[in-house]
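Visitor: Need coordinates for the below:
(one chain, ligands or ions: 1)
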Amino acid sequence: MAGNWKMYKTPQETVRFFERFKPLLSANHACDVVIFPAAIDIPAAVHAIAGTSIQIGGQNLYWAKEGAYTGETSAAMLSAAGATWVVVGHSERRHHVAHETDADVLKKTQAAVAASLTPIVCVGECLEEHKAGKAHEVLIRQFAGGIAGLTEEQFAQIVIAYEPVWAIGTGHTATPEIASKAHTLIRSEAEKRFGEDAANRLRILYGGSVKPENIQGLMKEPEIDGTLVGGASLDAESFARIIAAA
Ligand code: PGA
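Guide: Below you'll find the predicted structure:
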């Protein structure tokens with residue numbers, strides 16, 4: 001269960017979140033819990049989760065080791081700051097912030113794995129593509145252009161998130177059936193390229209307007225292994241309820 005905070009919260013607000021969140025999280029939750037704060041908040045978050053099973057990730061990385069890349073953060077920097085995960089290819093970066101391509105997503109995923117970060121690689125179709133019935137075509141293209149370029153060893157380290165762009169921050173979550181069909185397609189693409197075992201082991205998260213009210217329906221689908229939660233992860237109570245329901 002992953003919480004993507006996007007460009008919300010200061011370091012002080014991060015500390016306050018964990019003060020509330022930690023006591024709400026039952027000690028025996030049976031899943032990975034990862035929060036992705038803004039890069040500036042990672043040290044505060046890492047400090048706040050010490051001694052718990054909560055993990056911290058970056059929201060983005062750049063593939064070069066270091067260099068003249070103003071505003072970017074390397075995998076090694078994230079790792080040195082205590083992050084163990086990273087989101088790659090979020091639709092807000094693909095479509096708005098940085099126009100990331102599938103080829104960029106591949107390079108970022110490879111850099112993350114090389115630094116022992118677990119990447120959550122995001123895929124998903126836009127509203128127009130959804131309306132035109134092209135969702136599965138888009139997923140196949142994104143898989144072929146990005147994830148398929150990994151080696152089998154690299155692929156074994158990644159998590160994929162299906163995030164239909166029309167469901168992100170809109171309140172219109174995909175129905176469990178729509179999400180499940182997309183996940184099945186992604187898993188079959190994974191099987192074609194990396195084999196049955198690798199495909200069965202792959203964790204596929206759903207993301208897009210996940211809330212305490214709709215989490216149970218989504219998690220009942222055997223194809224949905226977890227969720228990537230934006231807005232509802234900003235509030236400690238609501239994210240804890242999502243994790244408890246999952
Ligand atoms: P949302 O965002 O839960 O606010 O729709 C999900 C995401 O962008 O990962």
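Visitor: which helix is the longest one in the chain?
Guide: Determined from DSSP state H, the single longest helix within the chain is helix 176-194.
Visitor: Residues in contact with it: which ones?
Guide: With CB atoms under 8 Å, 6 or more residues apart in numbering as the test, helix 176-194 has contacts from 123-124, 135-136, 139-140, 143-144, 147-148, 152, 155, 160, 162, 164, 174, 198-200, 202, 204, 206, 217-218, 220-224. Where you see a C-beta, it was placed from the backbone N, CA and C, and this is true even at glycine.
Visitor: are any of those buried, and which?
Guide: Buried by 16 or more other CB atoms under 10 Å: 123-124, 135-136, 139-140, 143, 147-148, 155, 160, 162, 164, 174, 199, 202, 204, 206, 218, 221, 223-224, out of the contacts of helix 176-194.
Visitor: ok, residue 206 - contacts?
Guide: By CB under 8 Å, 6+ apart, the contact set of residue 206 is 161-163, 174, 179, 183, 218, 224, 226-228.
Visitor: change it to 7 Å
Guide: Applying CB atoms under 7 Å, 6 or more residues apart in numbering to residue 206 gives the contacts 162, 174, 179, 218, 224, 227.
Visitor: cool, residue 15 as well?
Guide: Taking CB under 7 Å, 6+ apart as the criterion, residue 15 is in contact with 44, 48.
Visitor: how near is it to residue 21?
Guide: For residue 15, the distance to residue 21 equals 11 Å [CB to CB, to the nearest Å].
Visitor: for residue 76, same thing?
Guide: Distance of residue 76 to residue 21, computed by CB to CB: 28 Å.
Visitor: thinking again about what came up before, go back to the contacts of residue 206 and keep what's next to the ligand.
Guide: With CB under 6 Å from any ligand atom as the criterion, those include none near the ligand.
Visitor: Could you pull out the buried residues of stretch 42-57?
Guide: Buried positions in stretch 42-57, judged by neighbour count with 16+ other CB under 10 Å: 42-46, 48-49, 54-57.
Visitor: Good, we can wrap up now.
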